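[1] Sequence below, structure please.
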Amino acid sequence: MKFENLSIRRGSQYIVTSATLEFPENGITAVVGPSGAGKTSFLFSLGGIGQSAGLEVTCKTFNSADSSIANPTAENGLRGSIVFQDAALYDELSVAQNLELIASNNPPPDAATLSEVEKLLEGIGSDQLPNTLSGGQRQRVAIARSLYSDHHLLLMDEPNSGLDLIRSQVLVDTIGRVAKTGRHVVVTTHHPEPFLAHATQVLFLDGKGRIEAVTRSIDGVRKAFSEAAQANQQSLAPVGEIAIQRKSHAQWILKFFSRDLWSLVLAPSNVLYVGIACALLAFTATYVTIIRYPFSGVLLDLTLDVLVVELGAANFRFTVPMLVSILVAARSGALVTTNVSMKSMSGETIALKLLRVPINFYRQTSLLLVLALSTLIMYAIGIVITLLMISIAVHIATGTPLALLRALVVADIVGENGSLVSWPWILSKTLLSGFAIGVVSLFIGQRRANSGRDITSSASLAILCSVLAVIGLHSLLIVLELGI
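    Numbering: from 1, shown residues only. The predicted structure follows:
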């Protein structure tokens, strides 16, 4: 496979500029370079997923296997299978199922490939899940999985990262065997020494847009690094020191609070979600009530003002507080649970605990406050939209002037002294609902998650339990409010 005039750019950073690269049928190419030079982006571009990864890629690709020229940025221009640094196995499927998923969607591999797959999987149970495997075992399964595709380029992102010397050497020997099965293996690595004995070429990516072949020896690699470091040192502008400030617990809670307030409350998608739900429910319920009103020809003219007043009061005191709380439970409850589960599964929470950071105290306090405030703010938005849609629905159904309807719809909401009636109950319903959603979501989010399915299961359970908690809480408060 040959890439002509290859250029790769991410934003203003040029990773490769006008390079011509050739990868023969068999062999290993080791790609080295300083951190941040764009080695992973380089692999994505060779594989044909550069555009999906946010890169600008231009080149012509010549594939001698089918004598075709293609644009690697197009979806039909996929040219290589990638073994990611973290293996990226599908965590809900067993080892065998991960392989079957690929085999079912690609041509049958040849005997040599199947033999190599068997060697790669020695000592690994076919029914094991990816999270039960060691780092080296996951890499071996990922390599085996890639062999079931018919790509001639096998792209590997730091395959020996995190492996000890023995396992790293075993993996390198395995890659050497794979490179003799009709594939060319392109490996990015920070530690090229084990690959040099097998490599057919070594490419150095300098982070400034240049990629060039260097001597296949550790001295050649060191020389390339040294020259790049000197060039970078001369071009770097002086950078000031990072200002690190110690913050109190209250300041950290406020920091998290401000971030959560946007994502869970003020984000346009959230406001639109609540607004549309309230508008549709208010308009539909009111319109159907008016047009299906019993003996409407006789009674509606006499009782319309009373009906409109009661619709406004009922929505203000009971319907909208419960509806908004359920909507917050369905959206925010799932988001909170998913976030907590993912941070726990990824090790972020544990890492901060080991560094003496009371991250759970910060996050839980912030989220409880935000969710309580969220229901109150969403209620304010929801009630305004609801009362407006009631007036519009009645106007469409009866032709009553909107100005009169707007006055009627708030008649039982504002008391004689100008304050909102039942406001202590409204505050109780919204704030307590927010706290209840937070407690339920945070509690369920602490469940151990081993896969994406566990996280989605926790989110679904959080929605169910949060909604039930909200309905039960509102039912109790309505009984107390009405003195039943």
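[2] Tell me the helix or strand right after the helix or strand where residue 310 lies.
    In this structure, residue 310 sits in helix 296-314 according to DSSP states H and E. If you walk from helix 296-314 toward the C-terminus, the next helix or strand you reach (DSSP H and E) is helix 320-346.
[3] what's whichever helix or strand comes after that next one in contact with?
    Sequence-wise, the next helix or strand beyond helix 320-346 is helix 348-354, with elements assigned using DSSP H and E. Here helix 348-354 makes contact (CB atoms under 8 Å, 6 or more residues apart in numbering) with 343-344, 359-360. (C-beta placed from N, C-alpha, C; glycine too.)
[4] Which positions within helix 348-354 qualify as buried?
    The neighbour-count criterion (16 or more other CB atoms under 10 Å) identifies 349, 352 as the buried residues of helix 348-354.
[5] gap between it and the chain center?
    Mean-position distance between helix 348-354 and its chain equals 20 Å (CA atoms, centre = their mean, to the nearest Å).
[6] likewise stretch 156-166?
    The chain centroid and the centroid of stretch 156-166 are separated by 26 Å, computed with CA atoms, centre = their mean.
[7] measure that stretch end to end?
    Stretch 156-166 has its terminal residues 19 Å apart, counting by CA to CA, to the nearest Å.
[8] Just the buried positions in that stretch, please.
    Under the neighbour-count criterion of 16+ other CB under 10 Å, stretch 156-166 has 156-160, 163 buried.
[9] Can you say which helix or strand has the closest residue to residue 247 other than its chain neighbours in it?
    With CB to CB, 6 or more residues apart in numbering as the criterion, residue 247 has its nearest non-adjacent residue at 7.3 Å, and that residue is residue 255. For residue 255, the element it lies in under DSSP H and E is helix 249-261.
[10] neighbouring contacts of that helix?
    Applying CB under 8 Å, 6+ apart, the external contacts of helix 249-261 come out as 247, 358, 361-363, 365-367, 369-370, 373.
[11] Scan those residues and report the most crowded one.
    residue 367 (27 neighbours; other CB atoms under 10 Å).
[12] three-state assignment of it?
    Reducing the assignment to helix, strand or coil with DSSP: H, G, I helix; E, B strand; the rest coil, the entry for residue 367 is helix.
[13] Could you list the paired strands of the strand or helix carrying residue 202 along with their orientation?
    In this structure, residue 202 is located in strand 201-205 according to DSSP H and E. Based on DSSP bridges, the strands next to strand 201-205 in the sheet, each with its direction, are strand 27-32 (parallel), strand 211-214 (antiparallel).
[14] Same list (those) but as a markdown table, adding mean pLDDT, mean neighbour count and distance to residue 113.
    Output for the strands paired with strand 201-205, formatted as a markdown table (pLDDT from 0 to 100; neighbours: other CB atoms under 10 Å; distance: least, CB to CB, whole Å):
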| stretch | mean pLDDT | mean neighbour count | distance to residue 113 |
| --- | --- | --- | --- |
| strand 27-32 | 87 | 23 | 17 |
| strand 211-214 | 84 | 16 | 29 |
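[15] Mind giving me the PyMOL command for buried ones among the contacts of helix 348-354?
    Only the buried members of these enter the following PyMOL selection, criterion being 16+ other CB under 10 Å:
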select buried, resi 343+344+359
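[16] nearest to residue 462, of the contacts of helix 348-354?
    Nearest to residue 462 among these: residue 344, at 13.9 Å, using CB to CB.
[17] Surely that closest one is in contact with residue 449?
    Yes: contact between residue 344 and residue 449 holds when scored by CB atoms under 8 Å: they sit 6.6 Å apart.
[18] For residue 72, report the pLDDT, please.
    Reading off the per-residue confidence, residue 72 sits at a pLDDT of 45.
[19] circling back: nearest to residue 311, out of the strands paired with strand 201-205?
    The minimum distance between residue 311 and the strands paired with strand 201-205 falls on strand 27-32, with 68.7 Å, by CB to CB.
[20] how distant is that closest one from the center of its chain?
    Computed by CA atoms, centre = their mean, the separation of strand 27-32 from the middle of its chain amounts to 32 Å.
[21] mind exporting it as CSV, just the C-alpha atoms?
    C-alpha atoms of strand 27-32 as CSV (Å, rounded to 0.1, in the frame of the first residue of the first chain):
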residue,chain,number,x,y,z
GLY,A,27,7.0,-6.3,7.4
ILE,A,28,6.9,-4.0,10.4
THR,A,29,7.1,-0.2,10.4
ALA,A,30,7.9,1.4,13.8
VAL,A,31,6.7,5.0,14.2
VAL,A,32,8.5,7.0,16.9
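[22] Check which helices and strands the helix or strand following it is in contact with.
    Later in the chain than strand 27-32, the nearest helix or strand by DSSP H and E is helix 39-47. Using 3 or more CB pairs under 8 Å, 6 or more residues apart in numbering; DSSP states H and E, the elements in contact with helix 39-47 are strand 2-10, strand 13-22, strand 27-32, strand 80-83, strand 153-157, strand 184-188.
[23] orientation of the third one relative to helix 39-47 in degrees?
    Relative orientation of strand 27-32 and helix 39-47, computed by axes from the mean of the first three to the mean of the last three CA atoms, to 10 degrees: 140 degrees.
[24] just for the stretch 51-200 of the chain, where's the confidence low?
    Applying pLDDT under 70 to the predicted model, the residue ranges of the stretch 51-200 of the chain that meet it are 63-79, 162-163.
[25] cutoff 50 now
    By pLDDT under 50, the weakly predicted segments of the stretch 51-200 of the chain are 67-76.
[26] residue boundaries of the helices in it?
    All helices of the stretch 51-200 of the chain, identified by DSSP state H, counting those that start in this stretch, fall at 95-103, 111-120, 135-147, 165-178, 193-196.
[27] can you list those in TSV and add distance to residue 37?
    Compiled in TSV, the helices of the stretch 51-200 of the chain are given as follows (distance: least, CB to CB, whole Å):
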stretch	distance to residue 37
helix 95-103	30
helix 111-120	30
helix 135-147	22
helix 165-178	22
helix 193-196	17
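[28] how about residue 124, phi and psi?
    The phi/psi pair for residue 124 (degrees, to the nearest 10) reads phi -110, psi 130.
[29] Please read the previous query as pertaining to residue 24.
    Geometry field for residue 24 lists phi and psi as phi -70, psi 180, criterion degrees, to the nearest 10.
[30] Over to residue 380?
    Per degrees, to the nearest 10, the backbone of residue 380 is at phi -60, psi -40.
[31] measure it to residue 386 for me?
    Taking CB to CB, to the nearest Å as the measure, residue 380 falls 11 Å from residue 386.
[32] the more surrounded of these two?
    Higher neighbour count among residue 380 and residue 386: residue 386, with 29 against 14, using other CB under 10 Å.
[33] and the strands paired with strand 201-205 as CSV, adding distance to residue 195?
    Converted to CSV, the strands paired with strand 201-205 look like this (distance: least, CB to CB, whole Å):
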stretch, distance to residue 195
strand 27-32, 5
strand 211-214, 13
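[34] Quick one: closest of the ones you listed to residue 332.
    With respect to residue 332, and counting by CB to CB, the nearest of those is strand 27-32 at 44.0 Å.
[35] Just want the angle from the closest one to helix 165-178.
    Going by the same axes, to 10 degrees, strand 27-32 makes 130 degrees with helix 165-178.
[36] and the angle for strand 27-32 with strand 184-188?
    Interaxial angle of strand 27-32 relative to strand 184-188 (the same axes, to 10 degrees): 10 degrees.
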